[in-house]
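In: With the sequence up front, the predicted model follows.
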Amino acid sequence: MSIDPLTLAIVLVFLMAQAAAALLFLALGHPQERGIKHAGFAILSQTLGAGLALVFRNILPATLVIGLGNALLLGGTCHLFLAVRLFYGRRVSFWYPLAAGALVGFAFLRITFLQENTQARLALASLLLGVTALAVAWEFSRKSRDEVWVGPRWLCAAVFLGFGLAELSQSLKLYRMPTGVGPLDVLSISLPMLVAGLILYAFMGLGLALVLAQRLEARQQRFAQSDLLTGLSNRRGFEAYATRVLARARTQGQFTSLLMLDVDHFKRVNDTYGHGAGDLVLESLGDLLHQHLRERDGAGRHGGEELTVLLPDTHQSFAAPVAERIRQAVEAMEVSWEGRIISVTISIGVASTAETDSDLAALFQLADARLYRAKAGGRNRVVAD
């Protein structure tokens, strides 16, 4: 039984429109997720372009089909690539899809060879679509912090990879075809691309919806384990992170160090300036730790004005200088409150698995004892042994 390419093209355009509508509807309920909204508009642009180029190619003027159709299709694909980047918090510039669409439309209408040679035009369009689809697959394959299961993200990566490879295969076949072939021969080459497109857009709305659900679930888990004032982990979140790090360190034979930090004379800050000023001091300390720690390090608010920092794969001899740099940075920090400058110092106790059991409770006990010595010894100092 033969498959009618036009029927497949109509079904493909319908699925694209359905995916665009689903994403735009989803964006209404999550207005903060700008990537979802842009993905919906990007697929809507692709839908209009595919409708002009595939379904109405023998009905509408060639200018619309060749120029506007391909401009919308390729510009929409570039827009989709940027929408995925935006969704994951990566840098974007939406001038690129506009420029890509305008350039393709101009080239297909003004370059005589492309305007007159359907085969060459389709080969170039397939090449550009394939490369952009592979770029989208790459964006989905990159690790994301906001997820609890990688399955939906890899599903999206897989369908875009398949579509991109199908487009590149079609481009190569069109390039190798002898010149002067008829329209039916060209359409027969498009069948793998149409089938790949059907699979892609059948999963598109579902895949992105699952990715969004994973993102929201991971974000809720992170908020449940975060201290809203400092932006650091709360005690529960920090202990969960530290338990994972220590278990991995025991398996791999690595050292782990713990810093316990306490704000000196914090009660005096609250009594002198008010609790709002005390909150600002803790918030500033959270920002400072984010700036001075590695991405793999963990920091949390242990309670009140006491903070904790875990340094994976770090011996005590390296942890002490880190603690000293943090102490100096806090001492140099100036917190402005109602036109007045609040000077802050901290005391730090350092403990390492190099000198105690690879157990979180033992690390806490040793670091806390050294923090007590730092405060008893005059404050604004680090005790590491």
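Out: Happy to help now that I have it. Numbering: from 1, shown residues only.

In: Break this protein down into its structural domains.
Out: The record assigns the chain these domain ranges, following automatic domain parsing: 5-224, 235-383.

In: can I get those domains in CSV with mean neighbour count?
Out: Quick note: C-beta positions are derived from backbone N, CA and C, even for glycine. CSV is the format used below for those (neighbours: other Cβ atoms under 10 Å):
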stretch, mean neighbour count
domain 5-224, 18
domain 235-383, 18
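
In: Which of these comes out lowest on mean pLDDT?
Out: Lowest mean pLDDT within the domains of the chain: domain 5-224, a mean of 78.

In: all strands of the stretch 251-385 of the chain, in order?
Out: 257-263, 298-303, 306-311, 334-337, 340-343, 346-352, 382-383 (DSSP state E, counting those that start in this stretch).

In: right, so of the ones you listed, which gets closest to residue 280?
Out: strand 334-337 (5.8 Å; Cβ to Cβ).

In: what are the pairing partners of the closest one, and which direction each?
Out: Applying DSSP bridges, strand 334-337 is found paired with strand 340-343 (antiparallel).

In: C-alpha coordinates for stretch 340-352, CSV please?
Out: Extracted in CSV, the C-alpha atoms of stretch 340-352 (Å, rounded to 0.1, in the frame of the first residue of the first chain):
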residue,chain,number,x,y,z
ARG,A,340,24.6,53.2,58.6
ILE,A,341,27.3,50.7,57.9
ILE,A,342,27.3,47.5,59.9
SER,A,343,30.7,45.8,60.3
VAL,A,344,30.5,42.0,60.7
THR,A,345,33.0,39.3,61.7
ILE,A,346,32.7,35.6,62.0
SER,A,347,34.4,32.7,63.9
ILE,A,348,35.0,29.4,62.1
GLY,A,349,35.7,25.9,63.2
VAL,A,350,37.2,23.4,60.7
ALA,A,351,37.0,19.6,60.8
SER,A,352,38.0,17.0,58.3
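
In: check contacts around the residue nearest the centre of the chain.
Out: Nearest to the mean C-alpha position of the chain, by Cα atoms, centre = their mean, lies residue 88 at 2.6 Å. By Cβ atoms under 8 Å, 6 or more residues apart in numbering, the contact list for residue 88 reads 35, 139, 142, 144.

In: and the second one, what helix or strand is that in?
Out: Using DSSP states H and E, the element containing residue 139 is helix 118-141.

In: What helices and strands are in contact with whichever helix or strand comes after that helix?
Out: Next in sequence after helix 118-141, counting helices and strands by DSSP H and E, comes helix 151-176. Contacts defined by 3 or more Cβ pairs under 8 Å, 6 or more residues apart in numbering; DSSP states H and E place helix 151-176 against helix 118-141, helix 183-189, helix 191-224.

In: what residues are up against residue 375?
Out: Contacts of residue 375 (Cβ under 8 Å, 6+ apart): 262, 264, 347.

In: Relative to residue 302, which of those residues is nearest.
Out: residue 262 (9.0 Å).

In: wait, what's in contact with residue 287?
Out: Contacts of residue 287 by Cβ under 8 Å, 6+ apart are residue 231.

In: same thing with residue 21?
Out: The neighbours of residue 21, taking Cβ under 8 Å, 6+ apart as the test, are residue 40.
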